[in-house]
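> Here is my input; please provide its structure:
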Amino acid sequence: APRVEAALAQLRRTPGVAAADALQSTEIAALLRPWLGDAALLQDLPLPGVIEVRLDGNAAVDRRALAVGLQDATAGVRVDDPRAWLSQLSAVSESLRALGFGVVAAIALATVAMIVFATNAGLGNHQETIAVLHTIGARDQYIAAQFQWHVLGLALRGAVIGLALAALVAFAVAETAADLQAALLPPMRLSPLDWAGILAIPLCSVVLAAVTARFTVLRALRREV
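Residues are numbered from 1 along each chain as shown. The predicted model follows:
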């Protein structure tokens, strides 16, 4: 279209514009598909001309002047700057990230408190057994190791079950998000580093439970001496 060609010419001679390409009708239809679906209505809609512009990150570009120049060169042109909603999306993403770390920290503290309480209760219920073990020469480290391995086994079973449930939830969310993604948004996929972080959470929880149980027992036994 003449107006698209005029806009392209204006963009390509603008300093700071790295590339400017007109989208094909199939690409424009792909942008509309998340909202309109695959209906044949797309074939009857008067699709506007769309130009994708990539700016040079090393050059300062006056976006307002660029928009004015395009409007002077081509009547009816509309310039959409995604910075506003991208900054909002980034802020929401960072907030969710901080909330996630806060939730993990809260769960870790709750786990420590629960293990300390359960271990102290177990020590109280096995006072006579512990006394017998001390009598026959068992050291505090041996007694602590018994509690540690018991808690480790329980935590490991819980971590495996929790990881399996988390994998099912992640798969369900990914399948749902695949139907909701718009062409303007990047694909919602987890990187290998993300998966490594997810797998590290149950492992860290198991280690935390075992270490907490061991130090709780040793501290309690030393107080009794």
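> any idea whether the residue positioned nearest the centre of the chain is helix, strand or coil?
With distances taken as C-alpha atoms, centre = their mean, residue 97 lies nearest the centre of the chain, 6.6 Å away. Following DSSP: H, G, I helix; E, B strand; the rest coil, residue 97 is assigned to helix.
> Quick check: it vs residue 152, distance?
30 Å (C-beta to C-beta, to the nearest Å). Yep, even glycine has a C-beta here, placed from its N, CA and C like the rest.
> How about residue 85?
Applying C-beta to C-beta to residue 85 and residue 152 gives a distance of 48 Å.
> Neighbour count: these two, which is higher?
Taking neighbours as other C-beta atoms under 10 Å, residue 85 and residue 152 compare with residue 152 leading, 18 against 11.
> where's the more buried one, which helix or strand?
Secondary structure assigned from DSSP states H and E places residue 152 in helix 140-180.
> Tell me the helix or strand right after that helix.
helix 192-224.
> Now do that next one: which elements does it pack against?
For helix 192-224, the elements it packs on are helix 83-125, helix 140-180, judged by 3 or more C-beta pairs under 8 Å, 6 or more residues apart in numbering; DSSP states H and E.
> Report the angle between it and helix 83-125.
Counting by axes from the mean of the first three to the mean of the last three C-alpha atoms, to 10 degrees, helix 192-224 lies at 30 degrees to helix 83-125.
> Now do the buried residues in helix 192-224.
201-202, 205-206, 209-210, 212-214, 216-218, 220-221 (16 or more other C-beta atoms under 10 Å).
> quick check, nearest of those residues to residue 117?
residue 216 (9.2 Å; C-beta to C-beta).
> Could you tell me which ranges of the chain sit under the pLDDT cut-off?
1, 34-44, 59, 177-190, 224-225 (pLDDT under 70).
> what do you get if the cut-off is 50, keeping everything else the same?
Scanning the chain for pLDDT under 50 picks out 183-184.
> got a list of contacts for stretch 134-151?
115, 118-119, 122-123, 130, 133, 209-214, 216-218, 221-222 (C-beta atoms under 8 Å, 6 or more residues apart in numbering).
> which of the residues in that stretch are buried?
140, 143-148, 151.
> swap in stretch 20-29?
20, 23, 28-29.
> got it, and stretch 7-17?
7-8, 10-11, 14, 17.
> Now tabulate the residues you listed in TSV and tack on distance to residue 111 and secondary structure.
Output for the buried residues of stretch 7-17, formatted as TSV (distance: C-beta to C-beta, whole Å; DSSP: H, G, I helix; E, B strand; the rest coil):
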residue	distance to residue 111	secondary structure
7	59	helix
8	59	helix
10	61	helix
11	56	helix
14	57	coil
17	54	strand
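> partners of the strand or helix carrying residue 52, with directions?
Under the criterion of DSSP H and E, residue 52 resides in strand 51-55. Sheet pairing of strand 51-55 (DSSP bridges) gives strand 17-22 (antiparallel).
> Other residues contacting the partner strand?
With C-beta under 8 Å, 6+ apart as the criterion, strand 17-22 contacts 4, 8, 11-12, 49-56, 61, 66.
> and if you look at stretch 100-117?
Against stretch 100-117 from outside (C-beta under 8 Å, 6+ apart): 151, 201, 205, 208-209, 212-213, 216.
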